[in-house]
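Peer 1: this one's sequence-less:
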């Protein structure tokens with residue numbers, strides 16, 4: 001499966017782009033480039049923030065939510081894109097507040113995870129939070145879990161959840177994800 005090409009034409013001079021191999025610091029690299037002006041689409045990973053939300057005012061239960069756009073009944077961590085001009089910590093506090101209306105009392109970095117399928121780098125935090133849960137329209141529903149009840153998934157944020165569970169002395173249990181539909 002190949003990733004969709006984000007650009008067909010150069011945003012600077014409108015020439016059709018091509019994959020061109022050039023020597024870079026690490027050696028030859030093929031990238032989408034403009035043969036006329038040498039504009040390069042770097043296609044660097046996007047930073048995504050995620051939170052394992054532990055509810056301080058609900059005996060340490062963990063909140064997982066289902067995105068309204070997701071098919072099925074998969075529940076995951078609260079996630080969002082980091083915005084220009086904010087630190088990762090400020091960004092995850094903003095995302096937790098926007099998506100759940102919860103306030104964050106304390107943050108601790110769990111880890112940084114690669115999610116190549118989506119060309120993302122995921123920065124996962126433990127967010128000790130409190131307040132009344134009010135979901136944004138982005139989220140369809142939420143569930144609260146005891147840490148021992150949580151099931152991890154073998155991708156991106158699931159590895160962050162697994163590392164958080166291990167930090168609490170709980171060996172994570174992983175679910176099997178259904179096969180992804182093939183695109184043409």
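Peer 2: Done, it's in. Values in this document were obtained by computation on a predicted structure and should not be read as measured data. Numbering: from 1, shown residues only.

Peer 1: and the strands in the chain?
Peer 2: Using DSSP state E, the strands of the chain run over 18-24, 27-33, 40-41, 46-55, 61-67, 78-81, 103-115, 120-130, 139-145, 151-152, 173-174.

Peer 1: how's the protein carved up into domains?
Peer 2: 7-43, 46-173 (automatic domain parsing).

Peer 1: out of the strands of the chain, which is closest to residue 162?
Peer 2: With CB to CB as the measure, strand 151-152 is the member of the strands of the chain nearest residue 162 (4.3 Å). All C-beta spots, glycine's among them, are computed from the backbone N, C-alpha and C.

Peer 1: any idea how far the residue lying farthest from the centre of the chain lies from residue 30?
Peer 2: Within the chain, residue 36 marks the point farthest from the mean C-alpha position, 35.6 Å out by CA atoms, centre = their mean. As judged by CB to CB, to the nearest Å, residue 36 and residue 30 stand 18 Å apart.

Peer 1: next, count neighbours for residue 126.
Peer 2: 21 (other CB atoms under 10 Å).

Peer 1: tell me the spacing between it and residue 105.
Peer 2: From residue 126 to residue 105 the distance is 11 Å (CB to CB).

Peer 1: what of residue 137?
Peer 2: Counting by CB to CB, the gap from residue 137 to residue 105 is 26 Å.

Peer 1: between the two, which is the more surrounded one?
Peer 2: residue 105 (13 against 7).

Peer 1: in this structure the more buried one contacts residue 57, no?
Peer 2: No - judged on CB atoms under 8 Å, residue 105 makes no contact with residue 57 at a distance of 9.6 Å.

Peer 1: list residues touching both of the two?
Peer 2: Shared contacts of residue 105 and residue 57, defined by CB atoms under 8 Å, 6 or more residues apart in numbering, comprise residue 130.

Peer 1: quick one: pLDDT of the residue nearest to residue 62 when sequence neighbours are not counted?
Peer 2: Leaving aside its chain neighbours, residue 62 sits nearest to residue 145 (5.0 Å; criterion: CB to CB, 6 or more residues apart in numbering). If you check residue 145, the pLDDT there is 98.

Peer 1: good, wrapping up.
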